[in-house]
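> fold the following and give me the result.
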Amino acid sequence: MVTIHIPFTEETRHYIDGEKLAMMKETAYLINAARGAIVEEKAIVEALKNHRLKGAALDVHEFEPEISEDIAKLPNIVITPHCCTNIAEVRIGMLHELLEGIGRLIRGEDACNIVC
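Numbering: from 1, shown residues only. Prediction:
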């Protein structure tokens with residue numbers, strides 16, 4: 001099983017592509033809980049259709065909010081509605097991070113987690 005939890009950047013776009021999927025065992029599962037475009041959709045569809053990968057679980061996908069017909073028809077995939085953060089502890093952590101960031105700005109400090 002491979003789980004993906006990396007930030008999305010230009011360097012991580014299609015980080016999981018056909019070449020990396022080919023390195024995985026046919027009994028492996030891929031779980032993407034990060035960002036959709038980290039996994040090349042065309043490559044994962046091919047790997048799942050051709051049974052080069054046992055299955056996948058995607059909380060995100062490359063062309064959100066659209067779900068391609070190729071993905072939706074696969075019997076060996078689970079798609080969730082981008083809900084991996086729907087856990088109380090995670091949401092509380094997100095709120096604390098937000099409040100800390102606002103506090104930093106009010107104090108005239110640099111914000112953290114700046115997205116350009």
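> contacting residues for the most centrally placed residue in the chain?
A centroid search over the chain (Cα atoms, centre = their mean) returns residue 34, at 2.7 Å, as the residue closest to the centre. By Cβ atoms under 8 Å, 6 or more residues apart in numbering, the contact list for residue 34 reads 4-8, 60. For the C-beta atoms, the positions are set from N, CA and C on the backbone; glycine is no exception.
> wait, is residue 14 part of a strand?
No. Counting by DSSP: H, G, I helix; E, B strand; the rest coil, residue 14 falls outside a strand, being coil.
> that one reaches residue 35, doesn't it?
No. In this structure residue 14 lies outside contact range of residue 35 using Cβ atoms under 8 Å: 11.2 Å.
> compare neighbour counts for those two and give me the winner.
Per other Cβ atoms under 10 Å, whichever of residue 14 and residue 35 has more neighbours is residue 35, with 21 against 15.
> now do that one against residue 49, distance only.
Noted for residue 35: a distance of 23 Å to residue 49, by Cβ to Cβ, to the nearest Å.
> check contacts around residue 68.
Contacts of residue 68 by Cβ under 8 Å, 6+ apart are 41, 45, 61.
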